[in-house]
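Sequence first, then the predicted structure, then my questions.
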Amino acid sequence: MEILAIGNELLRQKALPVKDIKNERKSVTETVNALLDTVVKGKGIGLAAPQVGIMQRIFVLNCSDFPNVYINPAIIETSQETEKNEEGCLSVPGFWADVIRPKAVKVQAWNEKGHPFTVEASGLLARVILHEYDHLEGILFIDHLSEVKRDKILKKIAKRTKK
């Protein structure tokens with residue numbers, strides 16, 4: 001699957017819930033498998049369906065022993081304690097920046113078989129979950145930066161695109 005790059009309007013739209021995971025199981029499984037294949041090939045640690053033009057609330061992780069498929073995720077709780085760490089994004093290739101995010105998160109989601117689960121995560125896993133969840137909301141990691149830092153990245157992207 002082709003990963004959409006910043007500038008594509010789909011990256012700024014909210015994804016729609018998967019209505020019936022069990023009845024849509026074949027298409028959900030196909031989407032999940034394609035996302036997992038794409039994130040591995042792209043050498044990423046997470047990928048959301050909107051990043052490949054599928055406007056469903058699905059993301060996959062490639063970074064832990066925790067569940068790696070999240071369908072219709074809901075953030076239940078985030079810690080008040082935050083931490084700053086470097087982030088990049090397959091949809092904003094070649095750019096990284098320090099982003100402040102909650103240190104921990106509790107998320108409820110469903111797997112590709114339609115079974116619900118809850119994950120309490122901290123550190124890198126929490127960061128990746130929050131980053132991918134943002135994609136479902138039409139938010140990119142650069143939206144968490146100061147206006148000056150964000151504009152600097154956007155100008156570099158525009159310059160690169162003109163070449």
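Structure's in. What do you need?

which residues sit against whichever strand or helix holds residue 85?
If you go by DSSP states H and E, residue 85 is part of strand 82-89. Defining contact as Cβ atoms under 8 Å, 6 or more residues apart in numbering, one finds that strand 82-89 is touched by 95-103, 124, 127, 131, 140-141. C-beta: built from backbone N, CA, C; applies to glycine.

again with stretch 114-125
Contacts of stretch 114-125 (Cβ under 8 Å, 6+ apart): 21-22, 25, 45, 61, 63-64, 66-67, 76, 79, 85, 103-111, 129.

For that stretch, measure first residue to last.
Terminal residues of stretch 114-125 lie 22 Å apart, using Cα to Cα, to the nearest Å.

Pick out the residue closest to the middle of this structure.
residue 132 (1.8 Å; Cα atoms, centre = their mean).

Check the secondary structure at the residue nearest to that residue when sequence neighbours are not counted for me.
Setting aside the residues directly before and after it, residue 132 is nearest to residue 59 in space (Cβ to Cβ, 6 or more residues apart in numbering), at 3.8 Å. Following DSSP: H, G, I helix; E, B strand; the rest coil, residue 59 is assigned to strand.

Against residue 96, how distant is residue 59?
Between residue 59 and residue 96 the distance is 20 Å, computed by Cβ to Cβ, to the nearest Å.

Look at the two and report which has more neighbours.
residue 59 (29 against 12; other Cβ atoms under 10 Å).

Which strand residues bridge that one?
residue 48, residue 70 (DSSP bridges).

Test my guess that it contacts residue 44.
No. Residue 59 is beyond contact range of residue 44, at 11.0 Å (criterion: Cβ atoms under 8 Å).

List just the nearest of the contacts of strand 82-89 to residue 14.
The shortest approach to residue 14 among those belongs to residue 140, at 13.2 Å (Cβ to Cβ).

Neighbours of that closest one, how many?
Number of residues near residue 140 (other Cβ under 10 Å) recorded here: 20.

Tell me which residues touch it, please.
Contacts of residue 140 by Cβ under 8 Å, 6+ apart are 6, 11, 89, 91-92, 134.

So which of those wins on neighbours?
Compared across the contacts of residue 140, residue 89 has the highest neighbour count, 26 neighbours, by other Cβ under 10 Å.

Any regions of this structure where pLDDT drops low?
Counting by pLDDT under 70, the ranges of the chain that qualify are 163.

Quick one: the helices in it, in order.
25-41, 123-136, 147-162 (DSSP state H).
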